[in-house]
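Undergrad: For reference, the sequence and a predicted model appear below.
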Amino acid sequence: MIKALAFIHKKSQITDSEFEEYYETHHAPLAQSLLNFEYYERNYINSNLCPLYPSLGSISIFKYESKKSLAIVGEQMASNAGDTLRKDELNFMNVEENFHVLTNSSEISTKTYSKKIFLIARDKNGLKFLDKFSCIQKISDNLIADDKKMVAIPEYGINADATINDIELIIDEFPQIILAKTIS
């Protein structure tokens, strides 16, 4: 499976809740009407809980079963549909800051979660940093093949029985984690 993780930054004058509301009520429905997604998920960031990433609004995930599926969406993005989406992005995104990575991923867990944790792994050791915490479950390693600064972006689901104290312990040890609320 090919998985694209898009790091979407919000305009500086837009709050987290305004960003999410616009994305969910305007941009995501527009994108779904114009493009053929196999899977589309938005992971909204609470900037108060992730002070190292104050402008990050969402990590959006797109999954493709094949390179052909990815190419079809690429062709659609090169057409008028893509122009329409890019114009809408200017309403709420800081487009210059946005970036995406393509990963080769196998899902370790197929369970769905309402909250997730992402970690940018800069070396192979980073793939296992969070594995010791029982309140989270690894979903995927999200291995990146062609990036010199990142090896992977491990993705974890937060178990329903996790407590605030559990999450605070993770944050204390790994302040670079990205906490997100998931909508698909």
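TA: Yep, that arrived.
Undergrad: With Arg86 as the reference, measure out to the residue of the chain most remote from its centre.
TA: Most distant from the centre of the chain: Asn80, at 25.3 Å, with distances by C-alpha atoms, centre = their mean. If you measure Asn80 against Arg86 using C-beta to C-beta, to the nearest Å, the figure is 11 Å. Heads up, the C-betas are built off the backbone N, CA and C, glycines and all.
Undergrad: what's the answer for Phe37, then?
TA: 17 Å.
Undergrad: The two: which has the busier surroundings?
TA: Phe37 (16 against 12; other C-beta atoms under 10 Å).
Undergrad: Can you tell me the SS state at that one?
TA: Three-state assignment for Phe37 (DSSP: H, G, I helix; E, B strand; the rest coil): coil.
Undergrad: give the contact list for Lys124.
TA: Taking C-beta atoms under 8 Å, 6 or more residues apart in numbering as the contact definition, Lys124 lies against Val151.
Undergrad: Renumber starting at 4 from here on
TA: Understood, numbering begins at 4; the last thing we discussed is Lys127.
Undergrad: Got phi/psi on it?
TA: Here is the backbone geometry of Lys127 (degrees, to the nearest 10): phi -60, psi -30.
Undergrad: nearest residue to Gly60 other than its sequence neighbours?
TA: Using C-beta to C-beta, 6 or more residues apart in numbering and skipping residues adjacent in sequence, the residue nearest Gly60 is Lys13, 3.6 Å away.
Undergrad: can you count the residues close to the one you found?
TA: 25.
Undergrad: I'd like to know how far Lys116 sits from Glu41.
TA: Slight slip there: residue 116 is Tyr, not Lys. For Tyr116 relative to Glu41 (C-beta to C-beta), the value is 19 Å.
Undergrad: between those two, who's got more neighbours?
TA: Tyr116 (20 against 15).
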